[in-house]
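S.K.: Next one to model:
(chains A and B)
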Amino acid sequence: MRNPENQAIDDLLFDCCCELFSAYELETQPRHCSEFPVTDALCVCGVMGFGGKLVRGSLVLAATREPLERTNPDGFGSQRDWVCELSNQLMGRIKNRLLSAGVEILLATPAGLSGVNLAPTQSRLRAPQVFAAADGFVCVWIDYECAAGFELGACPAASPEAALPEGGVLLF
Amino acid sequence: MAKKILIIDDSNTIRQQVRAALSSYEVVEAADGVEGLDAIEGHQDLGIVLCDVNMPRMGGLEMVELVSAKGKLGGLPIVMLTTEGQPALVQRAKAAGAKGWIVKPFKPELLLATVRKLALV
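M.R.: Okay, the predicted model is just below:
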């Protein structure tokens, strides 16, 4: 389930998570934020910073070991590197959706950190989005601040062109 | 001798995924635009370059523009492989001489088909 206190960007995050998991054939069920796993179970996190004139903040993708193994079945690289790449791909999707809503942001490169000692804030407005996989959990949240008066969906589109779809190939 | 493929990406996992998808080719790796620039200048036998956009030290677009400005492209095809899909960035890559743009997550069969279509032999 989506968190009941979600803002528009949180809903965008939720939708982009579902799309990303689907692209990697990772079946997940959204759960209530109170089911956030105990912190010792979270393996690693990827953190993506982003910024623009209208909105800036950070996205965190934290996962237990199993979903990381499921989405990277050949076990290439380290789990820290992979969770960074997943957070990068998730943030890329969000950026592309924001762009079509007239909101332009720039992305930092991802940073990884251990899930040890990680705990979500208790604020309902920043509750993590929790997804249960067949084995393990993926938890995602976005922390941001907006320019005064900013409302997602109320901006004129910055570009008439949509972003290229994920998985797509364009040859010049 | 078959031409080599250069993959430039700061994610080791992505570099290995690309290696696996293109297992019939010899692949060389670089972890950012600075290393990528060195690899392009140091390898005379590259058939194609696959390049991420957002990387530390030097991003992919800056690297392509630098290679182009130095006159080092010489027909070498460069395809951007990135999470970005912003039309302005795509146009910037095209203007700098890149030959294609793939948005992650990539499909191995499409990546292979792209390499087969564009790579110098």
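S.K.: Nearest residue to the residue of chain B found nearest chain A in space, please, no chain neighbours.
M.R.: Residue of chain B nearest chain A, by C-beta to the nearest C-beta: B:Thr83 (2.7 Å). Bear in mind the C-beta positions are built from the backbone N, C-alpha and C, glycine included. Distances taken as C-beta to C-beta, 6 or more residues apart in numbering or on different chains put A:Gly92 closest to B:Thr83, at 2.7 Å, once the chain neighbours are dropped.
S.K.: ditto for B:Val18
M.R.: B:Ile7 (4.6 Å).
S.K.: One more: A:Glu35?
M.R.: With C-beta to C-beta, 6+ apart, the residue lying closest to A:Glu35 is A:Val130, at 5.2 Å.
S.K.: just checking, the one you found touches A:Pro67?
M.R.: No. Between A:Val130 and A:Pro67 there is no contact under C-beta atoms under 8 Å: 12.0 Å.
S.K.: In a helix, A:Arg93, correct?
M.R.: Yes. Using DSSP: H, G, I helix; E, B strand; the rest coil, the assignment for A:Arg93 is a helix.
S.K.: Enumerate every residue touching the residue nearest to the spatial centre of chain B.
M.R.: Closest residue to the average C-alpha location of chain B: B:Leu50 at 1.8 Å, with C-alpha atoms, centre = their mean. Listed by C-beta atoms under 8 Å, 6 or more residues apart in numbering or on different chains, the contact set of B:Leu50 reads B:5-9, B:18, B:78-79, B:81, B:102, B:111, B:115.
S.K.: switch the cut-off to 6 Å
M.R.: Counting by C-beta atoms under 6 Å, 6 or more residues apart in numbering or on different chains, B:Leu50 makes contact with B:7, B:79, B:81.
S.K.: Next step: the residues you listed restricted to helices.
M.R.: Among these, no member is found in helices (DSSP state H).
S.K.: Out of these, which end up buried?
M.R.: By neighbour count, with 16 or more other C-beta atoms under 10 Å in any protein chain shown, the contacts of B:Leu50 hold B:7, B:79, B:81 as buried.
S.K.: For those, give me JSON lines that also has pLDDT and distance to B:Val90.
M.R.: What follows is those, written out as JSON lines (pLDDT from 0 to 100; distance: C-beta to C-beta, whole Å):
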{"residue": "B:Ile7", "pLDDT": "98", "distance to B:Val90": "20"}
{"residue": "B:Val79", "pLDDT": "98", "distance to B:Val90": "12"}
{"residue": "B:Leu81", "pLDDT": "98", "distance to B:Val90": "13"}
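S.K.: separation between A:Asp143 and chain B?
M.R.: Applying C-beta to the nearest C-beta, to the nearest Å, the value for A:Asp143 to chain B is 20 Å.
S.K.: beta partners for that residue?
M.R.: A:Ser58 (DSSP bridges).
S.K.: Close to chain B: what parts of chain A are there?
M.R.: A:23, A:76-77, A:81-82, A:85, A:88-89, A:92, A:96, A:99, A:107, A:109, A:159, A:161, A:163-164, A:166-172 (C-beta under 6 Å from any C-beta of the partner chain).
S.K.: Near chain A, which residues of chain B? Just list them.
M.R.: B:11-14, B:16-17, B:54, B:56, B:83-87, B:94, B:99-105, B:107, B:110, B:114.
S.K.: out of those, which are inside helices?
M.R.: B:12-14, B:16-17, B:87, B:94, B:110, B:114.
S.K.: secondary structure element for the residue nearest to the centre of chain B?
M.R.: strand B:46-51 (DSSP states H and E).
S.K.: Check A:Asp15 too.
M.R.: Using DSSP H and E, A:Asp15 falls in helix A:8-23.
S.K.: and that helix, what other elements does it pack with?
M.R.: Packed against helix A:8-23 by the contact rule (3 or more C-beta pairs under 6 Å, 6 or more residues apart in numbering or on different chains; DSSP states H and E) you find helix A:79-100.
S.K.: Let's test this: mean pLDDT of the helix it packs on, rounded?
M.R.: Averaging pLDDT along helix A:79-100 yields 94.
S.K.: Alright, I will stop here.
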